[in-house]
Every structure is written in C-alpha cells, then in structure tokens.
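# with the input below, show me the fold.
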Amino acid sequence: MTKRDELIQKEIEKVIFSDEDLKRITGKSFLVTGGNGLIGSFLLNTLAYLNKKHDLNLRLYGTVRSKDKINSVMYHNSIAWIIWDLQEEFDFDKDIDFVIHTASSTSSNYFIEHPVELIEETIHGFETLMKYSKEHPVESFVYLSSLEIYGLCNDDVFLTEDKYYPLDSFHVRNSYPISKKLIENLGVSYQLEYSVPFKSVRLGQVFGPGVDLNDKRVFAYFSKSVVNGENIKLQTKGLTKHSYLSLPDSVQGIIKALLYGESGESFNLGSDNSYISIYELAELFIQGTDLKIEILEKENKQYLPQIQFGLDTTKIKKIGFSSTEGIDDMVRCLIEYFKTSI
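Numbering: from 1, shown residues only. Below you'll find the predicted structure:
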C-alpha cells in the first residue's frame with residue numbers, strides 16, 4: 001500500500017457505523033454513481049473495507065465514464081464497474097437496494113464555459129436514474145446536493161433546510177446551483193407521484209485525502225502553496241464564509257440519510273466547527289510556517305459572489321449523525337496527503 005493509500009485508509013477507519021447501521025446494510029446491494037470522484041470513491045472504498053472486515057455480503061456497483069478511471073479507486077477489485085456517462089441511457093437491469101447519486105461536475109470553469117452541457121447532463125443523468133428506480137423499486141435513493149442551492153445569503157447565520165435566498169437565473173455561474181435545485185424538485189416529484197424513496201443531502205464543501213492534485217478549489221490551492229513553500233495569493237479579500245465537510249463525516253451522514261431519513265426530505269451535512277471564511281481557512285493552512293497571505297483582488301467570474309452562511313445540521317443529527325472531524329483535522333490531513341503527492 002502506498003503512502004497516499006495509507007492516508008486514505010486512515011480516513012476510512014474514522015467512519016462511524018453503528019451496529020444497527022451494519023445490520024441494515026448486511027446482504028444489500030449498492031449503486032454509487034461517480035465512483036471515481038472524491039466522495040463516490042471514498043464511499044465505495046469505505047463500504048468495501050467494511051464488507052471485508054465484517055463479512056457483510058454486500059454487492060457494490062460503481063459507475064465511471066471510462067475504464068481508465070477504475071484503477072484510481074483503492075478497493076477497485078471489490079467493486080463491479082459500470083461504464084456510464086450522465087448523458088447516455090443507463091443499460092443496467094439488476095435490482096439494487098440502495099442508490100447514491102454522487103456524479104456531478106465540481107469545476108467552476110466548467111459551470112461557466114459549458115453551462116448548457118452541465119444542465120443537460122445533470123437533468124438527463126438524474127432522470128435516467130429516477131426511471132430506473134421506478135422500474136426497479138429501490139429501498140432508498142440519496143442525491144448529493146450542495147449548499148449553493150441556498151443562494152446569496154450574507155447574514156452570517158446557520159441555515160435550516162427551509163431557508164432560501166435569491167439565485168439570479170441570468171448569471172451563467174448559477175447553472176450549477178439552479179440545476180441542483182431543479183433536481184431536488186424532480187426528485188420529490190418522483191417520490192410523490194411514483195413512490196421513489198428520494199432524499200437529498202446538501203453538502204458543505206468537501207475535502208480530504210484523495211482530492212485531485214489538479215483541483216482548482218481553494219483548499220487544494222492552499223495545500224499546494226504550503227507544500228511548495230509559496231505565499232497564498234487570494235483573488236478576493238476571502239470574506240466568503242461557509243461550512244466544510246470531511247470525507248468520514250460525508251460518508252457517515254450519507255448513510256444515515258439513506259437508512260433513516262424520511263423520503264421526500266433534504267438534510268444539511270457539514271462537519272462541526274467548520275464554519276469559516278476563506279481568509280480564515282488560508283490562515284489555518286499557513287499556521288506554523290513563515291508563509292503569508294497576499295490579497296490581489298482581481299475580478300474573476302468563476303468565483304461565487306460573496307456569501308456568509310453555515311449549514312444547520314440539527315435535522316441530520318436527529319437521525320444519528322455525529323461529526324468526527326473539525327476543520328483543523330481536515331487541513332492537517334490534506335496537507336499531509338499533498339506532501340505524499342507533489
């Protein structure tokens with residue numbers, strides 16, 4: 001096992017599954033889309049590890065867009081792989097107990113440069129899975145949504161699942177949150193009309209060991225800067241503030257919603273003590289070094305307008321979620337991971 005895989009394995013072993021969780025998933029089949037993505041691969045790796053450790057007799061299926069994506073998943077030999085692109089039909093006829101839809105672009109550049117494709121693949125991919133779940137009844141279906149659907153809130157508050165702020169439909173960057181919001185509505189429509197057990201989990205921004213080295217988001221840039229001994233240069237004052245989410249917490253929360261969440265409901269998911277501004281996050285990354293933060297304030301349309309709100313996680317905690325990692329641990333783990341990779 002490589003050093004990189006060892007760090008991912010350490011994160012997997014932090015995931016908390018109760019005895020009741022294990023009992024409910026024993027002998028079940030899982031379909032996880034986006035199987036080579038950050039969350040999808042970590043989820044499949046965790047399930048494969050638990051399957052072997054506890055002899056759960058799980059059947060794990062993961063989707064990827066091409067065969068060359070498979071080997072990037074640590075436990076890839078324990079998973080049956082399906083080659084599927086979100087814009088294609090889903091040629092799969094096996095019955096599945098649990099579906100977790102993680103496949104989605106996370107690149108702001110893509111949101112701006114290819115908004116039509118983003119919207120089309122988001123809608124087509126989800127509707128294809130809904131039709132499959134209607135024709136092959138599943139026990140539970142979880143869709144991974146985003147904190148971005150809450151819109152432009154600058155009130156510096158924690159939002160519950162029923163609070164929303166404006167989203168400008170004429171801002172192309174909003175192709176991402178608006179398509180996420182539409183999918184949630186389509187999901188509850190399938191739940192009401194066809195009894196598909198749809199649930200949505202609205203994630204804080206997720207990072208940890210396994211992040212792509214070419215990821216353009218701030219946490220990856222901060223890690224690379226620290227590892228390379230370079231000052232952090234911010235394009236804004238870094239006042240945007242929101243909740244973050246560790247990989248172990250993401251898997252635990254998704255499973256809690258899958259097993260115990262009520263159909264037709266949404267659940268916020270963020271790690272405890274992770275509500276922090278981009279500037280404060282940069283400070284955490286350079287803590288203990290001689291590096292500095294430089295403010296450039298260059299206009300860049302790929303960045304969201306300033307927002308300031310956290311995710312209220314009371315609802316998902318009521319069904320058993322308990323955060324295991326705070327932002328300090330997340331930063332430390334990501335820096336350690338990047339040190340093994342650069």
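
# host element of Leu118?
Using DSSP states H and E, Leu118 sits within helix 115-135.

# what comes up buried for that helix?
By 16 or more other CB atoms under 10 Å, the buried positions in helix 115-135 come out as 115, 118-119, 121-126, 128-130, 132-133. C-betas here are computed from N, CA, C, even on glycine.

# go on, stretch 70-82?
Buried residues in stretch 70-82, counted by 16+ other CB under 10 Å: Ile70, Val73, Met74, Tyr75, His76, Ser78, Ile79, Trp81, Ile82.

# which two among those are spaced furthest apart?
Taking CB to CB, the two most distant members of these are Met74 and Ile82; they sit 18.5 Å apart.

# low-confidence stretches in the stretch 151-300 of the chain?
Residue ranges of the stretch 151-300 of the chain with pLDDT under 70: 298-300.

# from the buried residues of helix 115-135, pick the one nearest Arg217.
Nearest to Arg217, judged by CB to CB, of the buried residues of helix 115-135 is Leu118 at 16.4 Å.

# helix, strand or coil for the closest residue to the closest one other than its chain neighbours?
Distances taken as CB to CB, 6 or more residues apart in numbering place Ser175 nearest to Leu118, at 5.1 Å, with adjacent residues excluded. Following DSSP: H, G, I helix; E, B strand; the rest coil, the label given to Ser175 is helix.

# correct me, but Ser175 touches Glu120?
No - with contact defined as CB atoms under 8 Å, Ser175 does not reach Glu120; the gap is 10.1 Å.

# which secondary structure state is assigned to Tyr61?
Following three-state DSSP, Tyr61 is assigned to strand.

# I figured it hits Ile83, correct?
No - taking CB under 8 Å as the definition, Tyr61 is not a contact partner of Ile83, at 11.6 Å.

# please, which helix or strand holds the residue most central in space within the chain?
Nearest to the geometric centre of the chain sits Ile39, at 5.1 Å (CA atoms, centre = their mean). Assigned by DSSP H and E, Ile39 falls within helix 38-54.

# buried residues in that helix?
Neighbour counts over helix 38-54 (16+ other CB under 10 Å) mark 38-51 as buried.

# quick one: those residues as JSON lines, columns for distance to Arg24 and pLDDT too.
Shown next, in JSON lines, are the buried residues of helix 38-54 (distance: CB to CB, whole Å; pLDDT from 0 to 100):
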{"residue": "Leu38", "distance to Arg24": "25", "pLDDT": "96"}
{"residue": "Ile39", "distance to Arg24": "21", "pLDDT": "97"}
{"residue": "Gly40", "distance to Arg24": "21", "pLDDT": "97"}
{"residue": "Ser41", "distance to Arg24": "23", "pLDDT": "97"}
{"residue": "Phe42", "distance to Arg24": "20", "pLDDT": "97"}
{"residue": "Leu43", "distance to Arg24": "16", "pLDDT": "98"}
{"residue": "Leu44", "distance to Arg24": "18", "pLDDT": "98"}
{"residue": "Asn45", "distance to Arg24": "20", "pLDDT": "98"}
{"residue": "Thr46", "distance to Arg24": "15", "pLDDT": "98"}
{"residue": "Leu47", "distance to Arg24": "13", "pLDDT": "98"}
{"residue": "Ala48", "distance to Arg24": "18", "pLDDT": "98"}
{"residue": "Tyr49", "distance to Arg24": "18", "pLDDT": "98"}
{"residue": "Leu50", "distance to Arg24": "12", "pLDDT": "98"}
{"residue": "Asn51", "distance to Arg24": "14", "pLDDT": "98"}
